[in-house]
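Trainee: Okay, here's the prediction I keep looking at, along with the sequence it came from:
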Amino acid sequence: MRNGEVSATRDRERGVSDGAAVEVTGLTVTYGSTTVLDGVGLRVPVGAVVALTGENGVGKSTLLRCVTGLQAPSGGVVTVFGAAPDQGAGFWRQVATTVESPTWYHGLTVREHLELVRVANGGDPADGRVDEVSGLLGITGLADSLPITLSSGQRQRFLLAATFVRPSRLLVLDEPEQRLDVGAKRALAGHLRDYLATGGTLLMASHDEQFWRDVGADEVVLSRPEG
Ligand SMILES: Nc1ncnc2c1ncn2[C@@H]1O[C@H](COP(=O)(O)OP(=O)(O)OP(=O)(O)O)[C@@H](O)[C@H]1O
């Protein structure tokens, strides 16, 4: 088995289809003379949940960036729902991610940002979804706050909320549990289980074993290339 070459194929009670949401073959990423990912393969079936684990700097975020098309690999092939991640509107209608933090607009409140993201992605800002997500992430009371005034944990909740108000079939989350308190982690795990139960697919990086086990993820351990 090559570095990170895995197939997250455990059949799940909720029913995983045969199709691949994410297929990565021979993925190689080099920075200068340093090879971070060397021929990595990964398959995430539709409806599955995979947690990428491994020590700091092993390339988890790099792999996630390649899956979202935010980084071009040095070699290999990535497909998402059977097509290259092309960064077009069609792609972003299906995929929501926290891999790159968005830039917030000065002067817009937390609530206004969430409504803006919902509208921009074809949702109805008045359909209750913004309230629902705000409640689940415990940021209802921060609706009128400016993002710049939030603590790091509140900002993480807000980032997740902005991701969850977008319609998606695939979530690509980079350490979603980071900086969250115990209660928020539990609520997040519950929300992700609901997302999966309604047909969503989840690929995430995580350093928190209890969290990704709570979500029901299959673990995929990335290791450094040999040599
Ligand atoms: N733009 C860049 N230029 C040069 N090196 C980079 C760049 N981005 C990442 N790296 C290097 O690539 C390696 C993998 O980084 P990456 O962030 O993917 O690791 P990670 O597994 O997500 O780490 P962590 O667990 O700490 O979040 C690291 O050694 C990092 O220093």
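Mentor: In hand now; what should we look at?

Trainee: can I assume Phe91 is in contact with Thr79?
Mentor: No: distance between Phe91 and Thr79: 11.3 Å, which falls outside the contact criterion (CB atoms under 8 Å). Where you see a C-beta, it was placed from the backbone N, CA and C, and this is true even at glycine.

Trainee: anything in contact with each of the two?
Mentor: Counting by CB atoms under 8 Å, 6 or more residues apart in numbering, the shared contacts of Phe91 and Thr79 are Pro85.

Trainee: Near Met73, how many other residues are there?
Mentor: I think there's a mix-up here, since residue 73 is Pro and not Met. Counted with other CB atoms under 10 Å, the neighbours of Pro73 add up to 20.

Trainee: likewise Leu27?
Mentor: 26.

Trainee: Which helix or which strand is home to it?
Mentor: Element membership for Leu27 (DSSP states H and E) is strand 20-31.

Trainee: again, but for Val99
Mentor: Under DSSP H and E, no helix or strand contains Val99.

Trainee: Could you tell me how many residues sit around it?
Mentor: Neighbours around Val99, by other CB under 10 Å: 21.

Trainee: With Tyr105 instead?
Mentor: The number of residues near Tyr105, taken as other CB under 10 Å, comes to 12.

Trainee: swap in Gly138?
Mentor: A count of nearby residues for Gly138, using other CB under 10 Å, gives 18.

Trainee: If I look at it, what pLDDT would I see?
Mentor: Predicted confidence (pLDDT) for Gly138: 96.

Trainee: isn't it right next to Leu188, touching?
Mentor: No: with contact defined as CB under 8 Å, Gly138 does not count as touching Leu188 (10.0 Å).

Trainee: hey, where'd the strands end up in the protein?
Mentor: For the chain, the strands defined by DSSP state E occupy 6-7, 20-31, 34-45, 49-53, 75-80, 95-97, 170-174, 201-205, 218-221.

Trainee: looking at those, which is buried most?
Mentor: Counting by mean count of other CB atoms under 10 Å, strand 201-205 has the highest mean neighbour count of the strands of the chain, with a mean of 27.

Trainee: Could you check the angle that one makes with strand 34-45?
Mentor: Put simply, strand 201-205 runs at 160 degrees to strand 34-45, going by axes from the mean of the first three to the mean of the last three CA atoms, to 10 degrees.

Trainee: from the middle of its chain, how far away would strand 201-205 be?
Mentor: Here the centre of strand 201-205 is set off from its chain's centre by 5 Å, with CA atoms, centre = their mean, to the nearest Å.

Trainee: How about residues contacting it?
Mentor: Contact partners of strand 201-205, identified using CB under 8 Å, 6+ apart, comprise 21-22, 44-53, 60-61, 63-64, 67, 169-176, 192, 195-196, 212, 215, 217.

Trainee: filter those residues down to the ones near the ligand?
Mentor: 60-61 (CB under 6 Å from any ligand atom).

Trainee: Report pLDDT for Asn3.
Mentor: pLDDT at Asn3 comes out at 46.
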